[in-house]
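Asks: here's my sequence, what's the structure:
(4 chains)
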There are 2 protein chains.
Amino acid sequence: MKLDEAKERFIQSWGALGSNWGINRTMAQIHALLLVAPEPLSSEEVMAMLSISRGNANMNLRALIDWGLVRKEHKSGERREYFVAEKDIWRVAMQVIVERRKREIAPVLQMLAEVRDVEGKDENPEVQSFIASVENLDTIVGQADAFLDLLVKADQNWFANTLLKLFKKEKVNS
Amino acid sequence: MKLDEAKERFIQSWGALGSNWGINRTMAQIHALLLVAPEPLSSEEVMAMLSISRGNANMNLRALIDWGLVRKEHKSGERREYFVAEKDIWRVAMQVIVERRKREIAPVLQMLAEVRDVEGKDENPEVQSFIASVENLDTIVGQADAFLDLLVKADQNWFANTLLKLFKKEKVNS
DNA sequence: AGTGAAATTCAGAACTAATTGAAAGTTCTA
DNA sequence: TAGAACTTTCAATTAGTTCTGAATTTCACT
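Replies: Okay, here's the model as predicted:
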């Protein structure tokens, strides 16, 4: 496969993946494009390479900056702004986790805490079963949240090592 | 808060959450509804409670069954089918992970393997840097995949215990 | 094998999200 | 402070997704 073809394929797949995860396709494509670009790109270049409009490029570049996945770079003596993606994929992944945790897990935990405190837990068995479901959910979501918190504070080696150890244990146990 | 109100809030939030994660709102709402329903519900009941059409209810119920989150239940002597959600949330979470892993991680690993074998790795430095990015990504995605595989094989207690241990270590280390 | 109750399908309608592009805004240089 | 170079905004449009409901099929019972 030729380099350009490989890049194209990578960008397309990354875009498709993004759109399954609530990230819009263009945003994921721009991210992919910047990831494999050897140099910072200007918005003109992004527009041209993905055949998208100025407005679209601008909007999605800003969203990427918002997520902490891309940053602006100024070349001295140039009016034009350039964009670079964070190239360390581990950091990219952690950044995505941090953001989604903040935007999504936190509100869910909040909601669960609220609905949990429903009236009539002392007499009504239906209420009791509802509370049981909610508490169950709260435990799991809480555990996942704690785990992600641990993960984002850790580094990649720690993760890889832990994983390795866990694998070994699995083998022993089975 | 009254029980009905709490259920309503739960269903709405669950629906909103789903739509951020590539699961359509109605599907997530039906799931939420069944999760907190004390009894199996018929599609008529689902339709009525969420004010959705027959077709929509049918389609999404089937999608839920497909994901392994809901199952049909027959009451003897009844033509009508009833639906129950898997109530063990841990299992629900694992089921979702299994599905998404199958549908999404596998194709990404495939794509990465393909684009990795781009021409010119011996002379062109741009090709080399592209390959480096892709390999980097492949490592992380592969690790995540392995981790999820481990996770789905384990049970909730194992996860909670491991997590607990990791927390303790963190404290000692810091 | 006929009946009616329930499940399924699917073409088009309704809704939602993404995109465009032109206009307005900003910032730099002279 | 004029105007060129670039960025940002946003109303209108286009594309994509979900939902509806009538038509069709399946099924259980007689």
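Asks: and the residue positioned nearest the centre of chain A, how far from DNA strand C?
Replies: Residue closest to the average C-alpha location in chain A (CA atoms, centre = their mean): A:Val96, at 2.7 Å. Separation of A:Val96 from DNA strand C (CB to the nearest atom of the strand, to the nearest Å): 16 Å. To be clear about C-beta, it is placed using only N, CA and C from the backbone, and glycine gets the same treatment.
Asks: what about A:Val92, neighbour count?
Replies: For A:Val92, the neighbour count with other CB atoms under 10 Å in any protein chain shown is 21.
Asks: over to the residue sitting furthest away from the middle of chain A: give its phi and psi.
Replies: The centre of chain A is farthest from one residue, A:Glu123, which by CA atoms, centre = their mean lies 43.5 Å away. A:Glu123 adopts backbone torsions of phi -110, psi -40, taken as degrees, to the nearest 10.
Asks: so where is chain A shaky, pLDDT-wise?
Replies: For chain A, the stretches flagged by pLDDT under 70 are A:171, A:173-174.
Asks: quick one: the strands in it?
Replies: A:41-42, A:70-74, A:81-85 (DSSP state E).
Asks: now do the contacts for A:Ala37.
Replies: Residues in contact with A:Ala37 (CB atoms under 8 Å, 6 or more residues apart in numbering or on different chains) are A:84-85.
Asks: hmm, I typed the wrong one, I wanted A:Asn56.
Replies: A:Thr26.
Asks: next one: it from DNA strand C, what distance?
Replies: According to CB to the nearest atom of the strand, A:Asn56 stands 3 Å off from DNA strand C.
Asks: from A:His31, how far off is the residue in chain A that DNA strand C sits nearest to?
Replies: Residue nearest to DNA strand C within chain A (CB to the nearest atom of the strand): A:Gly55, separated by 2.0 Å. Going from A:Gly55 to A:His31 by CB to CB, to the nearest Å gives 18 Å.
Asks: what's the answer for A:Met111, then?
Replies: For A:Met111, the distance to A:His31 - CB to CB - is 30 Å.
Asks: which one of those two is surrounded by more residues?
Replies: A:His31 (24 against 20).
Asks: so that one sits against A:Ile65, correct?
Replies: No: using CB atoms under 8 Å, A:His31 is not in contact with A:Ile65, being 11.0 Å away.
Asks: in chain A, which spans are helices?
Replies: A:3-20, A:25-36, A:43-50, A:54-66, A:89-100, A:106-116, A:125-153, A:156-173 (DSSP state H).
Asks: the inter-axis angle of the fourth one versus helix A:25-36?
Replies: Translated: helix A:54-66. Calculated by axes from the mean of the first three to the mean of the last three CA atoms, to 10 degrees, helix A:54-66 forms an angle of 70 degrees with helix A:25-36.
Asks: residues touching A:Val118, list them.
Replies: A:Val118 is in contact with A:127, A:130-131, B:1-3, B:5-6, counting by CB under 8 Å, 6+ apart.
Asks: how about the strands of chain A in JSON lines, adding mean neighbour count and distance to DNA strand D?
Replies: Shown next, in JSON lines, are these (neighbours: other CB atoms under 10 Å in any protein chain shown; distance: least, CB to the nearest atom of the strand, whole Å):
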{"stretch": "strand A:41-42", "mean neighbour count": "19", "distance to DNA strand D": "6"}
{"stretch": "strand A:70-74", "mean neighbour count": "15", "distance to DNA strand D": "8"}
{"stretch": "strand A:81-85", "mean neighbour count": "18", "distance to DNA strand D": "4"}
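Asks: out of these, which gets nearest to chain B?
Replies: Ranking these by distance to chain B, with CB to the nearest CB as the measure, places strand A:81-85 first at 9.7 Å.
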